[in-house]
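>>> Sequence and predicted structure below; questions after.
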Amino acid sequence: MAGVSKRSRTQGPVIRRHDQVLPTTTDERLLASKGDGGWVHADPWRVLRIQAEFVEGFGTLAEIGPGIGVFGSARTPRKDPMYLAATRIGRGLAEAGLATITGGGPGIMEAANKGALEAGGLSVGLGIELPFEQSLNKYVSLGINFRYFFARKVMFLKYSQGFVVMPGGFGTFDEVFEALTLVQTRKVSSFPIVLFGSAFWTPLLGWLTEQVLVDGYVSRRDLELFQLTDDPEEAVALVTRPGPEPSAAPTAQMS
């Protein structure tokens, strides 16, 4: 065909033709001594970083044994009753032979790690890179820092056999609703989720019952996927039991 270039170059699995042919080979660009550093921010390089986070996470956590994720606010003061309750939960998990897995930050996370460490249990922190400075709390005995929230979430779900969710903000809501979604859709099974603090959670549960359930967006069985308590020892007991089975997924309607 007139006007169509015959240029072609194969680069590994990639074929480049016409105006997509690059003037240099991959090796030439690799060995070039000069150039800007913009390539480290390109998507192909990010893929390798993501892969590295999964490899590091799987390699570090593969042998920690059974564990429970504890979620809650990083802003909870050390004298707050919820901080003290989280410490008791971490201690109870350690005494039950379970690792305590938190986001590794301050507040509720620090308290749960503290209780676990002081009771001789495994205290795990899965940190996240944030715009403001935040390091793993001093009670973490095994910690990993992640760049990507989604990689961190996979580690929580893969290495926790249940969650205790204490009062918190958007991050806590994100974690609990993602866990509930995975149980509801049967991506995970027999996964207990315990909400701690009835005064905090009751208004949300009321909205789920009076609005979301009434409008048909969830089933009655879906609202049985979590349990509520104000007692740290009961929270430990509940989260170490198998969770309820989710309801069957609705049949898709096709027009």
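That came through fine.

>>> Verify the stated contact: Gly104 with Val140.
Yes - shown here, Gly104 and Val140 form a contact pair, counting by C-beta atoms under 8 Å, at 5.3 Å. C-betas here are computed from N, CA, C, even on glycine.

>>> Between the two, which contacts overlap?
By C-beta atoms under 8 Å, 6 or more residues apart in numbering, Gly104 and Val140 have these common neighbours: 113, 124-125.

>>> Just put the residues you listed in TSV and tack on secondary structure.
Shown next, in TSV, are the shared contacts of Gly104 and Val140 (DSSP: H, G, I helix; E, B strand; the rest coil):
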residue	secondary structure
Asn113	helix
Val124	strand
Gly125	strand
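
>>> what sits against the most centrally placed residue in the chain?
Nearest to the mean C-alpha position of the chain, counting by C-alpha atoms, centre = their mean, stands Lys153 at 1.8 Å. When contacts are counted by C-beta under 8 Å, 6+ apart, Lys153 touches 175, 178.

>>> where's it relative to Gln211, distance?
Distance, Lys153 to Gln211, using C-beta to C-beta, to the nearest Å: 27 Å.

>>> still on that earlier bit, my read is the residue nearest to the centre of the chain is in a strand, agree?
No - per three-state DSSP, Lys153 lies outside any strand segment and is helix.

>>> tell me the pLDDT at it?
On the pLDDT scale, Lys153 is placed at 94.

>>> Tell me how far it lies from Pro203.
Counting by C-beta to C-beta, the gap from Lys153 to Pro203 is 26 Å.

>>> State the three-state secondary structure for Thr87.
Once three-state DSSP is applied, Thr87 turns out helix.

>>> circling back to that earlier point, Gly104 and Val140 - which one has more neighbours?
Neighbours were counted for Gly104 and for Val140 using other C-beta atoms under 10 Å; Gly104 has more, 27 against 24.

>>> and that one, what helix or strand is that in?
Assigned by DSSP states H and E, Gly104 falls within no helix or strand.

>>> excluding its backbone neighbours, what's nearest it?
Spatially, and ignoring its direct neighbours in sequence, Gly104 is nearest to Gly125 (2.5 Å; C-beta to C-beta, 6 or more residues apart in numbering).

>>> in the sheet, who's paired with the one you found?
Thr102, Gly143 (DSSP bridges).

>>> Neighbours of it, how many?
Gly125, neighbours per other C-beta under 10 Å, totals 24.

>>> wait, doesn't it sit right on Gly143?
Yes - at 4.1 Å, Gly125 and Gly143 qualify as touching, with contact defined as C-beta under 8 Å.

>>> intersection of neighbour lists for these two?
Residues touching both Gly125 and Gly143 (C-beta under 8 Å, 6+ apart) are 104, 136.
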